[in-house]
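> When you get a sec, could you give me coordinates for this:
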Amino acid sequence: MKFVDLISVDGFSIKKLDITEILDLEKTLPSNRASAIDLNIASRGLVVTLEGQNMCQEKIAILDRYLGLLEGKKNQAWATAALELAKAKGHKTAKDKEWFALADADYIRVCNEISLTKAAKKFLEAKASYFSGWHYSFKTFISRDFSLEKLANMKNGDYNISVGDSSQQTTNDSTAFVDEEDIW
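A predicted model of the protein is given here:
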């Protein structure tokens, strides 16, 4: 597959941008970070958040490509209105032609489409950031959970001195063996 095919905008319309899958993934996440989270929720959440980030990033790449094409259409609409349509309407000065072009219906339509596309891109960037924040929270929870499990399995707190053999006494620098007869 070629990259240009992956970000193709043939037949694309910002008004038909479908974000249903992203919103559905968002609904599977806990409603807030104070919710009860266990290892299963966190593990599933890692996958969901990565999937959500990927979906957002793929759509953002398409929107970037689409914005580039819209900028070209905007320039073309302005130039056509200023150089051809304004002249046909009898506008002679450069300023009159410029004002006419700024009020042209095609130019305004493309500007509105650019504005909607930028808003969609900002929305998807915010959703990607939201998924990223949850991903970090899940990863941190799992890391802490495994750390606590590891800590619980360690032998912290056990005595490290054997109390079963009372015939050994310890001194500061060496171990001395004492006969029971010397004690009595």
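> What helices and strands are in contact with the helix or strand hosting Glu26?
Secondary structure from DSSP states H and E places Glu26 in helix 20-27. The contact analysis (3 or more Cβ pairs under 8 Å, 6 or more residues apart in numbering; DSSP states H and E) places helix 20-27 against helix 39-80, helix 105-153. Quick note: C-beta positions are derived from backbone N, CA and C, even for glycine.
> These: which one's closest to Leu23?
Among these, the nearest to Leu23 by Cβ to Cβ is helix 105-153 (8.5 Å).
> Could you point out which of the helices and strands packed on helix 20-27 sits nearest Asp5?
Asp5 sits nearest to helix 39-80 of all the helices and strands packed on helix 20-27, at 11.6 Å, using Cβ to Cβ.
> List the buried residues for the next helix or strand after that closest one?
Downstream of helix 39-80, the next assigned helix or strand under DSSP H and E is helix 86-88. By neighbour count on 16 or more other Cβ atoms under 10 Å, the buried set for helix 86-88 is Ala86.
> What helices and strands are in contact with helix 86-88?
For helix 86-88, the contact count by 3+ Cβ pairs under 8 Å, 6+ apart identifies helix 94-102 as packing neighbours.
> Identify the residues contacting the helix it packs on?
Helix 94-102 has contacts (Cβ atoms under 8 Å, 6 or more residues apart in numbering) with Trp78, Ala79, Ala81, Ala82, Leu83, Leu85, Ala86, Lys87, Lys89, His91, Tyr107.
> who's in contact with the first one?
Going by Cβ under 8 Å, 6+ apart, Trp78 touches Ala101, Leu102, Asp104, Tyr107.
> same check, this time on the last one
The neighbours of Tyr107, taking Cβ under 8 Å, 6+ apart as the test, are Lys74, Ala77, Trp78, Ala81, Ala101.
> mind running it again at 10 Å?
73-82, 85, 100-101 (Cβ atoms under 10 Å, 6 or more residues apart in numbering).
> So among the residues you listed, which ones count as buried?
Of the contacts of Tyr107, these count as buried by 16+ other Cβ under 10 Å: Lys73, Lys74, Ala77, Trp78, Ala81, Ala82, Leu85, Phe100, Ala101.
> mind showing which ranges of this protein have poor pLDDT?
Across the chain, the ranges flagged by pLDDT under 70 are 33-35, 145-184.
> 90 instead, please
1-11, 30-42, 87, 137, 140-184 (pLDDT under 90).
> State the distance from the closest residue to Ala79 other than its chain neighbours to Pro30.
Leaving aside its sequence neighbours, Ala79 sits nearest to Ala101 (Cβ to Cβ, 6 or more residues apart in numbering; 7.7 Å). Look at Ala101 and Pro30: by Cβ to Cβ, to the nearest Å, they are 52 Å apart.
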